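Engineer: please work out how this folds:
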Amino acid sequence: MSKLSFTNKIVYFLNTVVAVLLLLSYILPFLPPKTFSILAVLNLGVSFLIILNVVFFIYWLIKFKRKFMLSLTVLLIGYFGFGSLYKFSSAKNIEDSGNFKVMNYNVRLFNLYEWLPGTDVDAKIIDLIKTESPDILSLQEYHSREDVNLSFFKYKYEKLSGKKIKSGQAIYSQFPIINSGSIEFPNTSNNAIYADVVKGNDTIRVYNIHLESMRINTQVESLKKENSERLFNRISNTFKMQQFQTELFLMHKKQCDYKMIICGDFNNTAFSYVYKTIKGDLNDTFIQAGSGFGRTYHFKFFPIRIDFIFADQAFNVNGFKTYDNYYSDHYPITTTLSLKK
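Structural biologist: Numbering: from 1, shown residues only. Presented below is the predicted three-dimensional model:
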């Protein structure tokens with residue numbers, strides 16, 4: 001440190017803090033939020049911490065200072081332990097006669113309250129779904145109304161709640177649904193539902209999970225107005241609820257012997273305990289076949305991936321796509337799957 005200027009000493013101190021925080025975040029998927037709720041809040045900033053460490057790495061590299069090793073080491077630990085924030089490889093696009101497409105989309109009530117300007121946002125969402133033509137569609141924050149027409153699907157299961165405005169989740173399918181149901185999460189409007197669909201000679205269990213929301217405004221200006229302690233406590237309590245909801249889901253999932261696909265809005269990142277726990281030995285279809293950041297949530301300053309499609313080992317993951325159509329605060333994702341022969 002003696003060879004560093006006063007300014008660079010400050011920069012290196014900040015670099016050290018950011019590197020340590022990122023290193024701490026790597027152990028978060030292994031720590032139950034009910035026990036370590038304070039640390040769990042770091043989940044939300046992992047993408048930002050990675051980007052900051054890349055900036056520090058480049059800064060020291062340009063300065064020809066060996067201090068770049070600090071951020072480089074922490075970034076490499078994360079890369080080999082958890083994978084990259086950004087997927088540099090090209091997305092898969094494998095043609096197979098058995099391919100079928102699964103889409104997941106938090107549609108934000110089809111813009112019922114006009115969060116986005118324009119009166120045709122709901123129509124654009126429907127047009128997008130119709131154009132992409134998924135065989136299975138998983139929707140969160142779904143609201144059924146006359147001008148939202150998804151009748152081009154042959155089968156559906158929806159679970160709605162609420163007094164004035166009924167909303168919830170839905171699974172639409174071009175394959176027959178022979179069984180369906182709901183996993184009730186207490187004291188919340190969030191929920192998990194499932195549908196058993198028949199494709200050929202196979203029955204596939206499709207789950208649609210919507211874990212507890214942190215209700216964070218996407219605009220940083222709004223976050224500044226909220227008391228930091230209250231915001232921190234709210235996020236901590238949300239993570240505890242997400243863990244409880246995950247435990248309820250896993251108890252239900254354990255009783256199913258069918259081939260399985262799990263879709264949903266987890267309201268948490270791929271560096272979280274709930275992600276690691278729900279994923280288990282399933283394949284994250286973005287990691288298998290996607291590219292880029294895989295951003296699924298509209299946040300102004302850095303990419304956040306909180307919507308997922310998992311598939312078990314019975315499926316080949318032949319494609320994945322993240323869309324940039326801004327019709328909700330979430331972006332839709334699709335994966336192309338085929339059953340292994």
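
Engineer: this structure: strands as residue ranges?
Structural biologist: Taking DSSP state E to define them, one finds strands in the chain at 100-106, 136-142, 155-161, 167-173, 177-184, 191-199, 202-210, 259-265, 283-284, 307-311, 315-322, 333-339.

Engineer: same question for the fourth one, mean pLDDT?
Structural biologist: When pLDDT is averaged along strand 167-173, the result is 97.

Engineer: shaky segments in the stretch 201-341 of the chain?
Structural biologist: Counting by pLDDT under 70, the stretch 201-341 of the chain contains low-confidence ranges at 216-228.

Engineer: which parts of it are helices?
Structural biologist: All helices of the stretch 201-341 of the chain, identified by DSSP state H, counting those that start in this stretch, fall at 220-225, 228-253, 273-279, 285-289.

Engineer: turn these into a markdown table, columns for distance to residue 151 and mean neighbour count.
Structural biologist: In short, each C-beta sits where N, CA and C put it, glycine included. A markdown table is the format used below for those (distance: least, Cβ to Cβ, whole Å; neighbours: other Cβ atoms under 10 Å):
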| stretch | distance to residue 151 | mean neighbour count |
| --- | --- | --- |
| helix 220-225 | 38 | 9 |
| helix 228-253 | 30 | 17 |
| helix 273-279 | 32 | 21 |
| helix 285-289 | 27 | 23 |
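
Engineer: looking at the strands of the chain, which is closest to residue 83?
Structural biologist: strand 283-284 (9.1 Å; Cβ to Cβ).

Engineer: Provide the contact partners of the closest one at residue level.
Structural biologist: 270, 308-313, 315, 317 (Cβ atoms under 8 Å, 6 or more residues apart in numbering).

Engineer: one more pass at 7 Å, please.
Structural biologist: By Cβ atoms under 7 Å, 6 or more residues apart in numbering, the list of residues contacting strand 283-284 from outside reads 308, 310-311, 317.

Engineer: widest-spaced pair of the residues you listed?
Structural biologist: For these, and using Cβ to Cβ, no pair is farther apart than 308 and 317, which are 12.6 Å apart.

Engineer: between the two, who's got more neighbours?
Structural biologist: residue 308 (27 against 22; other Cβ atoms under 10 Å).

Engineer: correct me, but residue 296 touches residue 332?
Structural biologist: No. Counting by Cβ atoms under 7 Å, residue 296 stays clear of residue 332, with 8.2 Å between them.

Engineer: if we can go back for a sec, out of the strands of the chain, which is the most enclosed?
Structural biologist: Most buried of the strands of the chain, by mean neighbour count (mean count of other Cβ atoms under 10 Å): strand 136-142, with a mean of 27.

Engineer: quick one on the thing from earlier: residue 125: which of the helices of the stretch 201-341 of the chain is closest?
Structural biologist: helix 285-289 (21.2 Å).

Engineer: and residue 181, how far from residue 157?
Structural biologist: Using Cβ to Cβ, to the nearest Å, residue 181 is found at 8 Å from residue 157.

Engineer: and for those two, which residues touch both?
Structural biologist: residue 193.

Engineer: now residue 85. Nearest residue, chain neighbours left out?
Structural biologist: residue 50 (4.9 Å; Cβ to Cβ, 6 or more residues apart in numbering).
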